[in-house]
Structure formats: structure tokens, C-alpha cells
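> Predicted model follows, preceded by the sequence.
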Amino acid sequence: MTQPHPTNAALFEAAQRVIPGGVNSPVRAFGAVGGTPYFVARAEGPYVFDVEGRRYLDFVQSYGAIILGHAHPAVTEAIAAAAAQGTSYGAPTEREVRLASLIAEAAPGVEQVRLVNSGTEATMTAVRLARGYTGRPRIIKFAGCYHGHADALLAAGGSGVATLGLSGSAGVPPSAVADTVVVPYNVVPELDDQIAAVVVEPVAANMGLVPPVPGFLEGLRQACDEAGTLLIFDEVITGFRLGPGGAAERYGVTADISCFGKVIGGGLPIGALGARTEIMETLAPTGPVYQAGTLSGNPLATAAGLAVLKHLTPEFYSDLEATATATAADLRNMLAAAGFEALVIQEGTLLGLHMGEAPADDPDWQPTNYDEAKTTDEQAYSRLHAHMLNKGIALAPGAYEALFVTPAHQLFPLVPSVSV
């Protein structure tokens, strides 16, 4: 007898009995937008398909981890071939060396790379490395920038922290953030001889999309040089998304330590940090800063990452940015036709939405910091999210996430048919 297909509602109800909130990452619960999460059964190209058979044009793309489109044959074939040889060894592999080499070749200022298992692990390790290398205790981060859920970096974080209206997190004692200084994005802070590192998203993509204003990144570089402070670029989203050299290449500013994730794993769990050899040799086993991971350099993740990076040519990025530009224009027309007041923000291949109008006396206005980003109309975004789902278009279930396109989106232009 054929088993009935589960529904999204039934799966969510079952999930809530065995998983906190029914999800394994908070924003997925749809708490900020209302409704029941769709449970994905499969994905292909620009689409995800839920367990009820509905198809959605997907602008989540695993929050930027997918760049070629879902289930790209080169990636799935590489994973299958790697899995047939074993899924984890706890020993070095050739693919680790090849992936680290590709990252070092592409990323400005990177000579050595340590592979880890997530973006959170990469930024957490980068902060520890900066403190160990400089011998200084304090770090500076920017309000609205999200660097994963390590204790010291959750203060005034964007992404799910902003979506859920959290000021940080319970369970983080004051001592854990006592040496974290939070300052406004797009303003160069004053540094002193106690600051080990300044950590920043060079393009903030977790408070909506907030690009750096002219001179901001250059100012950070100069201030860090003058204070003997390390500059950490969190390129978990921008790395290999804005271009082969990420934001560092796009803006011509080189960080001391760069963090990566998402794209470099082809949709499998991975993270990485890289810097010049002098800094990286401070990590164990060559130095006193400890970091380790059972699954670091996992053979499936490195196989997927290598398969993806092979496709990321200059022509690919040119086409991807053109796709983003066309999608931005379609979204502006679509939203205007539907009566939604919203700004569609583009920075290279990245897109973002800010619900609300620009001031009448400044039609080119867009948010430049967290306080301005938080003026987005979250209730309007909730309505937009629901309407888009009804039209078969999946946006992230939170008003502070970026939109991600792939070349596959070119074949399926948006139709301005949403109605309020």
C-alpha cells in the first residue's frame, strides 16, 4: 500500500516534538513572517520543491551557499564519486591541498588556509588567532554584522538575531563579551593598543544589504595599520560570490585575515580562514593558538568545493552580475505593480530588500548602518513573503537576509503578477 505524502504542516508538527522550534536554524521556523515552513523534498537549478509537490523559484539558495544552481551535475557527480571512496578519514587528503591552493590563489592577502566546518568556526578561529598573534584582548565589531554564533561575536548581530528581535543571546555571560566593542557600520572607529582585531562584513549582508560607503574599508585598513591591529574580513557571504577575490578584490582593500564559507563548499558544510604565512603559523601545530576539527577538510565538502570553483570564471561573474541586475529591475517593477513600497538594493551579484520608501528629498537613499536598516517595515515584508510564496517565489523568511541568484535564474524571468 502506498504511503501518503506528508504535508508541510504535518512535518512541522512532528518536527516541533523532536527539534526545538521544529527547525535546526531559527529563522527557518517562519516566526518572523508567519505561516508554516515549506519542507523541501528536492531542488534543481533555480527551484526548490516542497513535500507537497509545489515548486518555488528560490532566492534563498541555501543563504548563498549555492552559486551554480541546485543539484548542478558537476557538483553532485563529484560528491557521489568522493562518497564512494569514503566519507571521512580523520587524515589529510589531496583535495584539501587543492582547495586551499585555489583559495590562496584567488583571495588577496592569503598565503595559507585552514579549512574548518562552518562560517561560525572560521570567524571564531580568526578572532582567537588575532588575539594570539597580537597578544591583545579586545576586538571591534560593527552593529548589524553577523559573524556566526560564537559568544564574543553575537553582540548586536544581524541575520537571525535581528529577525527574532534578540539583543544577543541568553547563555552568554558578560565576561564573554567584555572585550567586544560594538560600533556603527560605515564609520571608522578609533583604535588603541588593546585592540587585537577589527572584524567586519565588507558588504553587510545580514541587516538586509548594506554596502560600504566610499572610504570606509580604506579607512579601516589605514586605522588598523596605524594601531598595529589586524583587520578581519568576514567574506563568508561575499567570498567567491562577488568575484573570485571577493570584496577584497572588488574594493581593492586587503585584510590581514579573511574568512570564507558557503560557496567554497558547494552546499556542504565548510568554512575557511586564510592570511599571510606569518599570521597563520601562529595556529597549531606550528604555533600556540589551538584549533582542531574532526571533520575539517571533509572529503565530500572539498570535492564539492573544487567542482564549484572550477566553474567560477570571469565570464561566469559577468553573467551572474547581469542576472542580478535584471532580477533587480524585475523586482522593482513587480513590487511597484503590487503596491509594495520597497527599495531593491544591489551590490554586484548581491541583492537586498528594504521595505519602505526613500525620503522625498533623497531619492537615492538606502541604509548605511544597522539603525537605518532596522527601519525596514517587517510587517510589510511578512505580507510580501506570503504573497511571493503564493506565486511560487521563495524569499528568505526574514526581512534582514540577502537575496541570491544563480545563472539558472536567467532562464526563468520574474513575471510582474503579484497582487496585494
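Happy to help now that I have it.

> In contact with the most centrally placed residue in the chain: list those residues for me.
Geometric centre of the chain, nearest residue: Ile237, 3.5 Å, by C-alpha atoms, centre = their mean. Shown in contact with Ile237 (C-beta atoms under 8 Å, 6 or more residues apart in numbering): Tyr63, Gly64, Glu201, Val203, Ala205, Asn206, Lys262, Leu350, Ala402. Every residue, glycine included, has its C-beta placed from N, CA and C.

> starting at the chain centroid, how far to stretch 262-275?
Relative to its chain's centre, stretch 262-275 lies at 11 Å (C-alpha atoms, centre = their mean, to the nearest Å).

> again with stretch 112-127
14 Å.

> what's the span of it from first residue to last?
16 Å (C-alpha to C-alpha, to the nearest Å).

> and the residue nearest to the centre of the chain, what pLDDT?
Ile237 is assigned 98 on the pLDDT scale.

> Return the distance of it relative to Leu403.
As judged by C-beta to C-beta, to the nearest Å, Ile237 and Leu403 stand 12 Å apart.

> Now list whatever residues contact both of the two.
Leu350.

> any weak-confidence spans in the stretch 51-200 of the chain?
156-168 (pLDDT under 70).

> In it, what residue spans correspond to strands?
All strands of the stretch 51-200 of the chain, identified by DSSP state E, counting those that start in this stretch, fall at 55-58, 112-116, 138-142, 180-183, 195-200.

> Tell me which of those strands lies nearest to Leu102.
The closest of the strands of the stretch 51-200 of the chain to Leu102 is strand 112-116. By C-beta to C-beta, the value is 9.2 Å.

> Make JSON lines out of the contacts of Ile237 and add distance to Leu343.
Output for the contacts of Ile237, formatted as JSON lines (distance: C-beta to C-beta, whole Å):
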{"residue": "Tyr63", "distance to Leu343": "21"}
{"residue": "Gly64", "distance to Leu343": "20"}
{"residue": "Glu201", "distance to Leu343": "19"}
{"residue": "Val203", "distance to Leu343": "16"}
{"residue": "Ala205", "distance to Leu343": "15"}
{"residue": "Asn206", "distance to Leu343": "17"}
{"residue": "Lys262", "distance to Leu343": "25"}
{"residue": "Leu350", "distance to Leu343": "14"}
{"residue": "Ala402", "distance to Leu343": "14"}
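
> can you tell me which of those residues are in helices?
Those of the contacts of Ile237 mapping onto helices are Tyr63, Gly64, per DSSP state H.

> Out of the contacts of Ile237, who's the most crowded?
Ala205 (30 neighbours; other C-beta atoms under 10 Å).

> Enumerate residues external to the helix or strand where Ala247 lies that contact any of its residues.
Following DSSP states H and E, one finds Ala247 within helix 246-251. By C-beta under 8 Å, 6+ apart, the residues outside helix 246-251 that reach it are 107-109, 202-203, 212, 217-218, 233, 235, 238-240, 242-243, 253-255, 258, 260, 348.

> right, and the strands of the stretch 51-200 of the chain - which one's nearest Phe316?
Among these, strand 55-58 sits nearest to Phe316 (C-beta to C-beta), with 19.1 Å.

> sorry, back to before: now the helix holding Ala247 - C-alpha only, CSV.
Only the C-alpha atoms of helix 246-251 are listed here, as CSV (Å, rounded to 0.1, in the frame of the first residue of the first chain):
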residue,chain,number,x,y,z
GLY,A,246,35.5,38.6,-3.1
ALA,A,247,35.0,42.0,-1.6
ALA,A,248,38.8,42.5,-1.0
GLU,A,249,39.3,42.4,-4.8
ARG,A,250,36.2,44.4,-5.6
TYR,A,251,37.2,47.3,-3.3
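
> Could you give the separation of it from the chain centroid?
With C-alpha atoms, centre = their mean, you get 15 Å for helix 246-251.

> State the mean pLDDT of it.
Averaging pLDDT residue by residue across helix 246-251 gives 98.

> now do stretch 207-223
98.

> For the nearest residue to Leu242 once chain neighbours are set aside, which residues are in contact?
Spatial nearest neighbour of Leu242, chain neighbours left out: Gly348 (4.7 Å); criterion: C-beta to C-beta, 6 or more residues apart in numbering. Contacts for Gly348 (C-beta under 8 Å, 6+ apart) come out as Leu242, Gly243, Arg250, Glu321, Ala324.

> Could you identify the most distant pair in the contacts of Ile237?
It's Tyr63 and Val203 that sit farthest apart of the contacts of Ile237, by C-beta to C-beta, at 14.7 Å.

> Now Ile264. Its backbone dihedrals?
phi -70, psi -10 (degrees, to the nearest 10).

> hang on, the earlier thing: figure out which of the strands of the stretch 51-200 of the chain is closest to Thr36.
Here strand 55-58 is closest among the strands of the stretch 51-200 of the chain (C-beta to C-beta), at 13.9 Å.

> Tell me where the stretch 201-350 of the chain has helices.
Secondary structure of the stretch 201-350 of the chain, counting by DSSP state H, counting those that start in this stretch: helices at 216-227, 246-251, 277-280, 299-309, 314-338.

> which helices and strands does the longest one pack with?
In terms of contacts (3 or more C-beta pairs under 8 Å, 6 or more residues apart in numbering; DSSP states H and E), helix 314-338 is packed against strand 342-347, strand 350-355.

> if you compare the ones you listed, which one is most tucked away?
Comparing the helices and strands packed on helix 314-338 by mean neighbour count (mean count of other C-beta atoms under 10 Å), strand 350-355 comes out on top with a mean of 24.

> partners of that strand, with directions?
With DSSP bridges as the test, strand 350-355 is paired with strand 342-347 (antiparallel), strand 403-404 (antiparallel).

> circling back: want to try JSON lines for the helices of the stretch 201-350 of the chain, with distance to Val177 and mean neighbour count as columns?
Output for these, formatted as JSON lines (distance: least, C-beta to C-beta, whole Å; neighbours: other C-beta atoms under 10 Å):
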{"stretch": "helix 216-227", "distance to Val177": "21", "mean neighbour count": "18"}
{"stretch": "helix 246-251", "distance to Val177": "26", "mean neighbour count": "23"}
{"stretch": "helix 277-280", "distance to Val177": "24", "mean neighbour count": "16"}
{"stretch": "helix 299-309", "distance to Val177": "31", "mean neighbour count": "24"}
{"stretch": "helix 314-338", "distance to Val177": "36", "mean neighbour count": "16"}
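
> All set, thanks.
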